[in-house]
Structures are given as structure tokens and as C-alpha cells.
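Trainee: pasting the sequence and the predicted coordinates here, then a few questions.
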Amino acid sequence: MKLNDDDYNSTDEDLLFDDERRLKKEAGLRSMRTGGLLLSVFLLATLGVIYFTNGGFNNTSSSSKKSGTSKPSAVMQQKEAEKIAADADKMIGGSTLTASDLDFWDDFPPKEEKEKKITPEATPTPLPSDPATDGKHTLIKHDDGTEEWAEINPYLPKNKYDNSGFVYKTPLMRYYENNTKHSFNGADLSKNEEYIDFTALKNAGLDFVMLRMGQRGYASGEISLDDSFLENIKMADDAGLMCGVYFISSAINTEEAFEEAQFVLNTISSNSLNIRYPVAVSLEKEGEGKGRTDDLGKIPRTNTVLTFCRAIEDAGYYPIVYGTKETLIQKLSLGSMTGTEIWYSEDSDLPDFPYPFSMWQYDLDGNINGIAGGARLDISFEDYSMR
């Protein structure tokens, strides 16, 4: 609200506010209007008192002569008026502060500040890390020749083998810690080997063999015994080699997995076999074409493995899971298999598996005395016969 000359005794310069400043001081002027009215009344009353005290403006000269005093000068009158105005200001406001001194004017930012926009600084996009060197990925090589980098689960236990401890002297791989050998050599065999001399294998430095006991047909689903199993395990035992067995699974549910485990256990007990190394379940398909487990999900497949291993362990043997990196990482839930031992398959000079494993199949086509043709050679970091 704009004040008139009658409402507030001020100069023209004080009343010529621009629009924004008038908005800022409007609240203060409302409160000052009442004070201005009171001040005007007070001044009029004071002047009236002075007027009547001096006997009116017409009698000023005669009164001064009678009292023997001189007429006040213009300077004195001006000082008296200023003093009265100052006293009135103190009585009305109780303070010498003006409206511009009050803090609340800061709540109304200048127009320039209202229109100013703050642009947040752009967050720089981090450069992608190299999966080959970041230590967070592992390379998976597929059968069709393609490759991919799989992320390593940071919450799972890690492989703690020191690569400098692996020593390969054809055809055997050994592992040393503090100049002491901590490994045992073996081979895995089946009816596919045309000729096997187990005594020659023992003399060549093997400590154990893993023999294929049987399999479930990857398409038919029928369980069968390996044609050479019973003969192979008798000759291996006679040669002084410690024996373990493996079964190739095609179970699509836990009922079939339990059936496979019972087949293995019944074969062992009915033939009084001396099993001193692990009983393994393999998930690697043998054969071409569509398999019955090709579309099995990770969790159902993991449940079949755990069912098999639990049954084997309950019978007093050491269960172990055989597989490649692709199978173990991409087809199984390793987080659900904590504590389950792994027999890792990778034809390589050094094992490249980020998680713990107890056995490693390091050569798929080795040359060793006692086996005609290529041999599948293994190293065990555990002496299961001493457990």
C-alpha cells in the first residue's frame, strides 16, 4: 500500500520506491503507518502546548518584553523541533533501528538471485575396466569356440593355490609348498581306452585312478554299467593303485539323482569294491544331439547334484563334483554348494578356476606309459586314502 503525504511526513525521495523495493518494505510500512499517525497527533499536540504557553503567536512579542526575554531565533526553533521529533520516534518505536536494519528483509532475495539457476556438475562416467586384468572376472571358453568373461562371486571362498608351486615334468603335474610335494597323480579311465596296463601306470608314477562305473543315457535316460568297469577296478586294485569311481548323470530331478546314487552304492556293496578315493558325479554330456538335461535350470540341476552327494556321503564315501569351468559356474549354483568338493577339468599348464577345488584334470590327451592313445591325467591335492 502506497502512503500519501497526509499519512506519513517524509520527503518525495523516500516515497519513490521501485516495485521490488516497495514489495520488500510493504510489511514494515504497514506497522509504521500507525506510528506515523500517532507522531502527527503528538506533534500537533506539542505545538498546541507551545502555542498556548507563549500566549499565542500574536502575543509573542509582548510576552517577551514583559518577561525581559528575547524572541527565540530560527536556529533554536529548528533544534527544538528536531528534538521533539527524535523524542517522539523513541516513544513510538522504542528503538533507533530503521526498517532496512531488520533481518527479515533477507528473506526476499533480489530479482537477479531468483532468476539464477544452479546447474549441478556432471558426474564423470567411469571408464570400463578390463576384465582380463581387473581380478573380478574369469574367462570361459565354450565348446563352439566362443569366449566370455564371467564375473567372480566376491562372497565365495577363493582358490588359494600358488601358481609358482606347480611343476610339470612330462607327463605328470606336481604341486609343491615350501619345497614339499603336496599332490598325488592319477588318471581317469573307461571302456573307451583300448589298452590299459595298470602295473605300468603304477610304475610311471600314478597313485590313483578314477574309473567310470556307469552312466544314465543323455537321451534315453536309462542307467547302465560301464562294460569295462568291474575288470578295470580289479586290475587297478591288484596293481596297488587307489581307486575312485565316477558316474555320468543325466538326472532331471532329485528322484533320479537319488536313483543314480543308489546304483553306485549297490554296485560297490554287491561287488565288495575297495573304494579309497572319491565317488564323483559328472554333469558333462557324452554324445551328440539333444540331451534330456539341456534345458534344466541352474537350481534344479544343483539340487540333483546335492542329492547325489548327500546320499554318497551318508554311506561313508567322499563325494565330489566333476565339471568344466562352464558347467561349474554357469550351470550350477556354487553358492548353494559350499563345502562340496570339486574335481575341476581344464586342459592347461595352470588351473584357472577362481574357487577351491580338490582335484584337477589337467590333460585330456596325455602320453603315459600304460595307456594306448591319449590319456586323461589328474592331480589330487588330497590323499583321500589317509582321511
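Mentor: Sure thing, it's come through.
Trainee: which one is residue 299 nearest to, not counting chain neighbours?
Mentor: Using C-beta to C-beta, 6 or more residues apart in numbering and skipping residues adjacent in sequence, the residue nearest residue 299 is residue 333, 6.1 Å away. (Glycine included, C-beta is placed from N, CA and C.)
Trainee: quick check: domain ranges of the chain?
Mentor: Under automatic domain parsing, the residue ranges defining each domain of the chain are 12-115, 140-386.
Trainee: pick the most deeply packed of those.
Mentor: For those, the largest average neighbour count (mean count of other C-beta atoms under 10 Å) is found in domain 140-386, namely a mean of 17.
Trainee: same question for that domain, mean pLDDT?
Mentor: Averaging the model's pLDDT scores along domain 140-386 yields 96.
Trainee: rewinding a little: how near is the residue nearest to residue 299 to residue 133?
Mentor: Distance of residue 333 to residue 133, given as C-beta to C-beta, to the nearest Å: 27 Å.
Trainee: in this structure residue 284 contacts residue 247, no?
Mentor: No: with contact defined as C-beta atoms under 8 Å, residue 284 and residue 247 do not form a contacting pair (11.6 Å).
Trainee: could I get the domains of the chain as CSV with distance to residue 129?
Mentor: What follows is these, written out as CSV (distance: least, C-beta to C-beta, whole Å):
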stretch, distance to residue 129
domain 12-115, 43
domain 140-386, 11
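Trainee: if we can go back for a sec, what residues are up against the residue nearest to residue 299?
Mentor: Residues in contact with residue 333 (C-beta atoms under 8 Å, 6 or more residues apart in numbering) are 298-299, 302.
Trainee: tell me the SS of residue 326?
Mentor: Here residue 326 takes the helix state, with states given by DSSP: H, G, I helix; E, B strand; the rest coil.
Trainee: in contact with it, which residues?
Mentor: Contact partners of residue 326, counting by C-beta under 8 Å, 6+ apart, are 140-142.
Trainee: for the residues you listed, which one is nearest residue 365?
Mentor: Nearest to residue 365 out of these is residue 141 (C-beta to C-beta; 16.3 Å).
Trainee: so of the contacts of residue 326, which ones are in strands?
Mentor: 140-141 (DSSP state E).
Trainee: endpoints of stretch 194-210, how far apart?
Mentor: For stretch 194-210, the first and last residues are 16 Å from each other (C-alpha to C-alpha, to the nearest Å).
Trainee: output the contacts of residue 326 as a markdown table; include the columns distance to residue 270.
Mentor: Supplementary listing: the contacts of residue 326 in a markdown table, determined by distance: C-beta to C-beta, whole Å:
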| residue | distance to residue 270 |
| --- | --- |
| 140 | 40 |
| 141 | 41 |
| 142 | 40 |
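Trainee: out of the contacts of residue 326, flag the one nearest to residue 241.
Mentor: When the contacts of residue 326 are compared for distance to residue 241 (C-beta to C-beta), residue 141 comes out closest, at 31.6 Å.
Trainee: give the bridge partners for the closest one, please.
Mentor: Under DSSP bridges, the beta-bridge partners of residue 141 are residue 147.
Trainee: which residues does residue 281 contact?
Mentor: Neighbour list for residue 281: 246-247, 249, 260, 305, 308-309, 319-322 [criterion: C-beta under 8 Å, 6+ apart].
Trainee: of all pairs in the residues you listed, which one is the farthest apart?
Mentor: Greatest spatial distance among the contacts of residue 281 (C-beta to C-beta): 260 and 320, at 14.6 Å.
Trainee: residue 245 and residue 210 touch, don't they?
Mentor: Yes: look at residue 245 against residue 210 with C-beta under 8 Å: they come within range, at 6.9 Å.
Trainee: overlap of the contact sets of these two?
Mentor: When contacts are counted by C-beta under 8 Å, 6+ apart, residue 245 and residue 210 have residue 280 as shared neighbours.
Trainee: any idea which of the contacts of residue 333 is closest to residue 151?
Mentor: Minimum separation from residue 151 among these (C-beta to C-beta) is found for residue 298, which lies at 14.9 Å.
Trainee: gap between the closest one and residue 255?
Mentor: From residue 298 to residue 255 the distance is 19 Å (C-beta to C-beta).
Trainee: same check on residue 209?
Mentor: In this structure, residue 209 and residue 255 are separated by 31 Å, where distance is defined by C-beta to C-beta.
Trainee: same check, this time on residue 380
Mentor: Spatial separation of residue 380 from residue 255 under the definition C-beta to C-beta is 32 Å.
Trainee: need the distance between the two termini of stretch 132-144.
Mentor: Taking C-alpha to C-alpha, stretch 132-144 runs 21 Å from one end to the other.
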